[in-house]
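Trainee: Dropping the sequence and predicted coords here.
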Amino acid sequence: MKRLRFLAPIAGGLVAVLMVVLGVAYASGRLPGSNPRSPANIRQSATFSMLVPADKTIALREWRSSKEAVTYKATVNGQTVVVTLQPVPLQYRNDEAAYERFIGSLKPFAVFKVNIGRVALINLVEESSFAPNGQSAVVNAKGTLLIARPESGTMSQNDWATFFDTLQAE
């Protein structure tokens, strides 16, 4: 009888640990039966986190990968966004101040916080002519640098927020 009383706290502790592990696996989308939105072959070969919107109303298509980056297209409120994911460059991985200086040098016209970090909205220019080259959004999260741009035109800050608010790492 004494042995059984001794095992009860251990069994309770194991159950608690198991619940925490399952909770973390569920939250990260790695629980068997969860449905990641990125293709398995791309997700498994990438050396960085796949940042994708969990919102199923945002359609994802045309996934491509190389050694350096992954791209996909997302449709947000009828607007197509080209998303590029790559590992955060080495000089910014452990130096948030250097990353912030870099983002500041791009002169963002808006910055807003989402669950995975801060998004900077910037207007890019052609390197040689300094001609406007369109709107882009940048976020550094979970070891991944995400750069997104509308396929044509511009997007409202609300549409950008719709895209970024549900981003999660797979």
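Mentor: Now that the structure is in, tell me what you want to look at. Here the structure is a predicted model, which is why all the values come from computation and not from measurement.

Trainee: residue boundaries of the helices in this structure?
Mentor: For the chain, applying DSSP state H gives helices covering 2-27, 40-45, 90-93, 96-105, 157-165.

Trainee: According to the record, where do the domains of the protein fall?
Mentor: 1-34, 37-169 (automatic domain parsing).

Trainee: Need those domains in CSV (columns: mean neighbour count).
Mentor: Just so you know, the C-beta spots here come from the backbone N, C-alpha and C atoms, and that holds for glycine as well. Shown next, in CSV, are the domains of the chain (neighbours: other CB atoms under 10 Å):
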stretch, mean neighbour count
domain 1-34, 10
domain 37-169, 15
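
Trainee: Can you name the residues that contact the most centrally placed residue in the chain?
Mentor: The centroid of the chain falls nearest to L51 when counting by CA atoms, centre = their mean (2.6 Å). L51 makes contacts with 85, 116, 139, 141-142, 144, 146, 167-170, as judged by CB atoms under 8 Å, 6 or more residues apart in numbering.

Trainee: Which strand residues bridge the closest residue to I116 other than its chain neighbours?
Mentor: Sequence neighbours aside, A141 is the residue nearest to I116 in space, at 4.0 Å (criterion: CB to CB, 6 or more residues apart in numbering). With DSSP bridges applied, A141 shows beta-bridge pairing to T144.

Trainee: and what of V125?
Mentor: Residues in beta-bridge contact with V125 (DSSP bridges): P132.

Trainee: how close does it get to Q135?
Mentor: From V125 across to Q135, the span is 11 Å (CB to CB, to the nearest Å).

Trainee: Identify the contacts common to these two.
Mentor: Shared contacts of V125 and Q135 (CB under 8 Å, 6+ apart): none.
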